[in-house]
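Colleague: sequence and predicted model, in that order:
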Amino acid sequence: MKTTNYPQQNLVRTIELQGVSGPKAKELLQTQWLVTNGLGGFASATIAGIVNWRYHGLLIAALPAPLGRTTMLSHIAECVRFPDGSLIQFGGDEPSFPDSAATPSNFLVQFRLENQLPFWTYKVNGIVIEKRLVMLYLQNTVHLTYTVLDAPASVQLELRPSMHFRPFEAPVNTPLSGPYEVCGKGCQFEIHSNEQYPALRLQLDGNSSRFIHDGGSTREIYYEHDALRGYESRGLLWSPGNFSVELSKENPATLIASTEDWHVVTALDPESAYVTEVERRNRLLRIADPRAQTGASAELVLAADQFIITPAGRVKDAARARAAGDELRSVIAGYHWFTDWGRDTMISLDGLTLTTGRFQEAAWILRTFAHYVRDGLIPNMFPEGQNEGLYHTADATLWFFHALHRYVERTNDFETLDFLLELLQEIIGAHLAGTRFGIGVDPADGLLRQGEEGYQLTWMDAKVGDWVVTPRRGKAVEINALWYNALRLTETWLRRSNQESAANEIKINADRVFESFNKRFWNPERGYLFDVVDGQHGNDPSLRPNQIFAISLPNSVLSQDRWEPVLEVVHKELLTPVGLRSLGPKEPDFKAKYYGDLRARDAAYHQGTVWAWLIGPFIDAWLRVHPNQVKEAREFLQGFIPHLSAGCVGSINEVFDAEPPYEPRGCIAQAWSVAEVLRSFVKVAGEKS
């Protein structure tokens, strides 16, 4: 076999498991990994290979609407057959074979990421086997490659794939979409169901490979993580049979699984596919901000790539964008379950695209969302498998102004700004006149109010049935900080284009917001800002992090003499090693942990739970108030470095418990967490101490 010199790899994160036992081993083995394909599809499981969550699988394909993301290949049982006929399963979940002598996790000695691609090393009775996983970019294709690193002779590898075609969020007890049918020849096979799903194509590339179709069999899987979250926890997986291949140092083997046509599946051999993907990742590092090309920042550059997608399902919108000379781009808010959300996209844009040097994609994202503006609003989110967005958000549109400002500031792309300027004026006009969901300016004081029965419109609203956990209808502090920032930015942009009359009208509104905000939001009894004024229950004095935006945004709506007391209380009461608490620990509704069923989790979601992304605005505010305390700002980020070996290896969770040990919770990889931590690392690296 021809040997290829792989592109240089220098980002390695290793979790050693040899000799580790007891609770520590269990904790490490439950750590998760994630690989994505640029379409929204992904592969993910625990590093032990256990399928214990509905979202786990080796191929969750991003399919056109109305299917959306679909679980196609759930699991592979990996076994070594010895000359005496005995069989040992070394990878995957609990042993499926009665002659297995030990659990698979006993054989896993190392897990590592190389340039964010996962590798496993197993030792099985003197045989050392390495496995790697690659998803091909912009394809629903996964490659699992097995290589013998040490063995007295060639060994026989047996692989048993298992599947359950279903929407990836469907309950695990959803009936199998069968009967499944197997067709093919040699080591190329297709699995068909009697429903609307595409065929799953399987191919084993290796020496003396063969497939034994045993008629198909099912087995029950226990999904522990679903059980802990209060969902159905037992479901069936179906297997068509067994692949078998001879494995030696000279002859690796690769199992390929895909929903693409065969000519696409076979276009790249496994080695070429791997080299191509490694080079793509190295290229991402080369174009990133130089301050982000080493260490934890470089790992986050590659983690950021997981969230930037070409939406697979919105074919019509993609055709429209290309006809205009653009490309359709969006941002997955978080894995596993989030789709693309407007708010998360705009908050994440700087860290995901500008810090990483992906300026063209930043422009495409901005123009993509500009196309979706309706009644002065950008979409809150796009439901799975649908083409139309939902617009119930009061802040996503205001974050759009902020994202555009960061983009223009970094690129000097005034052509895009000029293209969008009329739309920005229309958005402001809609907010002044009043638009959907009760979003509009109060003529009495010029502040922006929002709220409509049955909707959560700000980033930290939560509702369980009829119970509104964090009622924020009224005039929320961060909404008005964002509104003021949007007005001032637009005023500046209008003056740049010599539209003085329009700019003066905007200025009148902005001046009024500044005056009213400082009069209405300051709470003299507590010495910081109300979270909401004119709410359903009056003014809300709860200590929350939202007030930090009154300092951190480019145009601060808060009078400068009040910056320091607001920052100090947030620093003292809300700051943790992994972000800001969403509620002060002395507040009566404070919840220290985020766990349990949906009701319990939502009850804690914004009632103390730590949000990683808030570290970005906090550091912005810190350096605005304390420009000479950069060393301290760097220290605020240090807690994220060990986290890169926990939760989801190489990425950052959505939320954390509010008290030590700050257990990672929620989505295992969140766009704005990665984006804001990465942006902050680069910012403090660029500031003088």
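Modeller: Here it is on my side, so go on.
Colleague: can we go C-alpha only for contacts and neighbour counts from here?
Modeller: OK.
Colleague: biggest strand in this protein by residues?
Modeller: Longest strand of the chain, by residue count under DSSP state E: strand 207-222.
Colleague: and that strand, how far out from the chain middle?
Modeller: How far strand 207-222 lies from its chain's middle: 33 Å, per Cα atoms, centre = their mean, to the nearest Å.
Colleague: buried set for the helix or strand just after it?
Modeller: Once strand 207-222 ends, the next helix or strand along the chain (criterion: DSSP states H and E) is helix 224-228. Using 16 or more other Cα atoms under 10 Å as the test for burial, helix 224-228 gives Glu224, His225, Asp226, Ala227.
Colleague: can I get these in CSV with pLDDT?
Modeller: Below are the buried residues of helix 224-228 laid out as CSV (pLDDT from 0 to 100):
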residue, pLDDT
Glu224, 90
His225, 90
Asp226, 92
Ala227, 92
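Colleague: the residue of the chain most remote from its centre: what secondary structure?
Modeller: Taking Cα atoms, centre = their mean as the measure, the residue most remote from the mean C-alpha position of the chain is Asp84, 46.6 Å away. The assignment at Asp84 comes out as coil when based on DSSP: H, G, I helix; E, B strand; the rest coil.
Colleague: repeat for Glu587
Modeller: coil.
Colleague: can you give me the strands for the stretch 151-300 of the chain?
Modeller: Counting by DSSP state E, counting those that start in this stretch, the stretch 151-300 of the chain has strands at residues 155-162, 166-167, 181-185, 188-192, 200-205, 207-222, 234-247, 253-258.
Colleague: ok, the nearest residue to Ala433 once chain neighbours are set aside to Ala550 distance?
Modeller: Nearest residue to Ala433 in three dimensions, chain neighbours excluded: Gly440, at 6.4 Å (Cα to Cα, 6 or more residues apart in numbering). To Ala550, Gly440 is 19 Å away according to Cα to Cα, to the nearest Å.
Colleague: what's the answer for Gly38, then?
Modeller: Taking Cα to Cα, one finds Gly38 at 35 Å from Ala550.
Colleague: give me the number of residues near Ala321?
Modeller: Ala321 has 18 neighbours, counted by other Cα atoms under 10 Å.
Colleague: any idea which helix or strand carries it?
Modeller: Assigned by DSSP H and E, Ala321 falls in helix 315-323.
Colleague: list the buried residues for stretch 520-539?
Modeller: Arg520, Phe521, Trp522, Asn523, Tyr528, Leu529, Phe530, Asp531, Val532, Val533, Gly535, Asn539.
Colleague: using CSV, lay out the residues you listed together with secondary structure, pLDDT and distance to Arg358.
Modeller: Formatted as CSV, these follow (DSSP: H, G, I helix; E, B strand; the rest coil; pLDDT from 0 to 100; distance: Cα to Cα, whole Å):
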residue, secondary structure, pLDDT, distance to Arg358
Arg520, helix, 98, 41
Phe521, coil, 98, 38
Trp522, strand, 98, 40
Asn523, strand, 98, 42
Tyr528, strand, 98, 38
Leu529, strand, 98, 37
Phe530, coil, 98, 38
Asp531, coil, 98, 35
Val532, strand, 97, 37
Val533, strand, 98, 39
Gly535, strand, 94, 41
Asn539, strand, 97, 42
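Colleague: from these, which is closest to Pro664?
Modeller: Pro664 has its nearest neighbour among the buried residues of stretch 520-539 in Asp531, at 26.0 Å by Cα to Cα.
Colleague: hmm, that closest one is touching Phe549, no?
Modeller: No - using Cα atoms under 8 Å, Asp531 is not in contact with Phe549, being 11.4 Å away.
Colleague: count of neighbours near the nearest residue to Gly351 once chain neighbours are set aside?
Modeller: Leaving aside its sequence neighbours, Gly351 sits nearest to Ala675 (Cα to Cα, 6+ apart; 4.0 Å). The tally of other residues near Ala675 (other Cα under 10 Å) stands at 32.
Colleague: tell me the angle of the helix or strand hosting Glu361 relative to helix 315-323?
Modeller: Using DSSP H and E, Glu361 sits in helix 359-371. Following axes from the mean of the first three to the mean of the last three Cα atoms, to 10 degrees, one obtains 120 degrees for the angle between helix 359-371 and helix 315-323.
Colleague: specify the next element, helix or strand, located C-terminal of helix 359-371.
Modeller: helix 396-411.
Colleague: counting by contacts, list what that next one packs against.
Modeller: Helices and strands touching helix 396-411, as assessed by 3 or more Cα pairs under 8 Å, 6 or more residues apart in numbering; DSSP states H and E, comprise helix 342-349, helix 359-371, helix 414-433, helix 477-496.
Colleague: packing partners of the helix or strand hosting Glu515?
Modeller: Assessed by DSSP H and E, Glu515 sits inside helix 500-520. Contacts defined by 3+ Cα pairs under 8 Å, 6+ apart place helix 500-520 against helix 477-496.
Colleague: which outside residues touch the helix it packs on?
Modeller: 394-395, 398-399, 401-402, 405, 421, 424-425, 428, 447-448, 458, 500, 502-504, 506-507, 509-510, 513-514, 517, 521, 529-533, 546-547, 549-550, 553-557 (Cα atoms under 8 Å, 6 or more residues apart in numbering).
Colleague: please pick the buried ones from those.
Modeller: 394-395, 398-399, 401-402, 405, 421, 424-425, 428, 447-448, 458, 503, 506-507, 509-510, 513-514, 517, 521, 529-533, 546-547, 549-550, 553-557.
Colleague: so for stretch 598-607, what's the average pLDDT?
Modeller: Stretch 598-607 shows an average pLDDT of 84 in the prediction.
Colleague: buried residues in that stretch?
Modeller: Quick answer for stretch 598-607 (16+ other Cα under 10 Å): Arg599, Ala600, Arg601, Asp602, Ala603, Ala604, Tyr605, His606, Gln607.
Colleague: in helices only, show me those residues.
Modeller: Arg599, Ala600, Arg601, Asp602, Ala603, Ala604 (DSSP state H).
Colleague: so for Pro7, what's the pLDDT?
Modeller: 48.
Colleague: cool, Ala481 as well?
Modeller: For Ala481, the model assigns a pLDDT of 98.
Colleague: just grab the bridge partners of the spatially most central residue of the chain for me.
Modeller: The chain has Gly334 as the residue nearest its centroid, 2.7 Å off, counting by Cα atoms, centre = their mean. Here Gly334 sits in beta bridges with Gln670, going by DSSP bridges.
Colleague: I'm done for today, thanks for sticking with me.
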